[in-house]
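**Q** Structure for this input, please:
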Amino acid sequence: MQEVNEPVNVERAPEAPAPAERAGVAPSQAASDADEKRTRMSWLMVGAGAAIALGSLLPWATSPVGNASGMSVYLGWLTLFGGIALGLYGYQGLRKDDPIVRHHGWAITAVSVSIVVTVTTFGAVEDLSDLGGVVNIGAGLYMALIASLFAIWPLVQLRKDGKLREAAANRQEVSAMASQIAGQAPSTPAQAERVQAPAAERVQAPAAEQVQSPAGWYADPTSRHQRRYFDGATWTEHVVDEETRATDPIG
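**A** Below is the predicted model of the structure:
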């Protein structure tokens, strides 16, 4: 193995600050604000779902001879189930440990179906009102339509929050794996070569091979850099990437 130069103490460039730090907000405060916002949006979604479901039970059309609720036709059943689904979606959002990403699909479907049904029915009842003047749009249809349109806002906010939480969880998992790998780094260059060798060549080294390697620059056993300095006993914090030297503790 060829050695490079003697290690030079060069301060490692500081890592870029997190988005919350760049904005002057402590990470804990940013997380608390995100939790509060998610709670508000979740309750708004629960309320919108309840309003859609209640509107499905109230009159969608009124006339001198009687009223017709959404339950009088199958369309009202669609909005009823859609409202219940959105209420459950909002309830899941109250659980901070659940990114609710897996629920976004059917929540979007529920909102879309409720909007299409209420808008279509609204137009049909309005056409009947224009023809005879005896059929009017009921309060239940107004409620279901407005609640369906309003549900778009908390849905978008919860979906964005879920994506951010899922990405943060993935970053933590990758960081934990990297720390575990770093903690299991080979203790000598000879061991590093044996770890990187094909499986068929990974055999127990003979006693002569277990002699301590001389001090020098070798391939970084953590794979974070090109070379790391071995002082003859342990890996040091001195690393080099092309022409750039820095320090990076192996632990």
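**Q** Partner strands of the lengthiest strand in the chain, with direction?
**A** Criterion DSSP state E: the longest strand present in the chain is strand 235-241. As defined by DSSP bridges, the strand partners of strand 235-241 come to strand 227-230 (antiparallel), strand 244-247 (antiparallel).
**Q** who's in contact with the first one?
**A** With contact meaning C-beta atoms under 8 Å, 6 or more residues apart in numbering, strand 227-230 is reached by 4, 7, 188-189, 213, 215-222, 235-236, 238-241, 250. Just so you know, the C-beta spots here come from the backbone N, C-alpha and C atoms, and that holds for glycine as well.
**Q** Can I get it in PDB, CA atoms only?
**A** Coordinates of each C-alpha in strand 227-230 appear next as PDB, following Å, rounded to 0.1, in the frame of the first residue of the first chain:
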ATOM      1  CA  ARG A 227      -7.700   8.000   2.800                       C
ATOM      2  CA  ARG A 228      -7.400   7.900   6.600                       C
ATOM      3  CA  TYR A 229      -4.100   8.000   8.600                       C
ATOM      4  CA  PHE A 230      -3.100   5.000  10.600                       C
END
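**Q** mean confidence score for that strand?
**A** Strand 227-230 carries an average pLDDT of 88.
**Q** same thing with the last one?
**A** For strand 244-247, the per-residue pLDDT values average out at 85.
**Q** If you count neighbours, what's buried in it?
**A** Counting neighbours by 16 or more other C-beta atoms under 10 Å, one finds that the buried residues in strand 244-247 are Arg245, Ala246.
**Q** Which of the strands paired with strand 235-241 sits closest to Ala167?
**A** Nearest to Ala167 among the strands paired with strand 235-241 is strand 244-247; the distance by C-beta to C-beta comes to 28.0 Å.
**Q** Buried among the contacts of strand 227-230? Make that a ChimeraX selection.
**A** Buried members of the contacts of strand 227-230, defined by 16+ other C-beta under 10 Å, are picked up in ChimeraX with:
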select :7,188,189,213,216,217,218,220,221,222,235,236,238,239,240,250
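**Q** For the stretch 1-150 of the chain, which segments count as helices?
**A** For the stretch 1-150 of the chain, the helices defined by DSSP state H, counting those that start in this stretch cover 19-22, 27-57, 74-93, 104-132, 139-150.
**Q** what's the closest of the strands paired with strand 235-241 to Pro64?
**A** Closest to Pro64 of these is strand 244-247 (C-beta to C-beta; 85.0 Å).
**Q** Low-confidence bits of the stretch 51-200 of the chain, can you list those?
**A** For the stretch 51-200 of the chain, applying pLDDT under 70 flags the ranges 96-101, 130-133, 175-200.
**Q** Now for Ile52: which residues touch it?
**A** Contact analysis of Ile52 by C-beta under 8 Å, 6+ apart lists Thr79, Leu80, Gly82, Gly83, Leu86, Ser114, Met143, Ala144, Ala147, Ser148, Ala151.
**Q** correct me, but the first one touches Ser56?
**A** If I follow you right, that is Thr79. Yes: if you go by C-beta atoms under 8 Å, Thr79 and Ser56 touch, sitting 4.5 Å apart.
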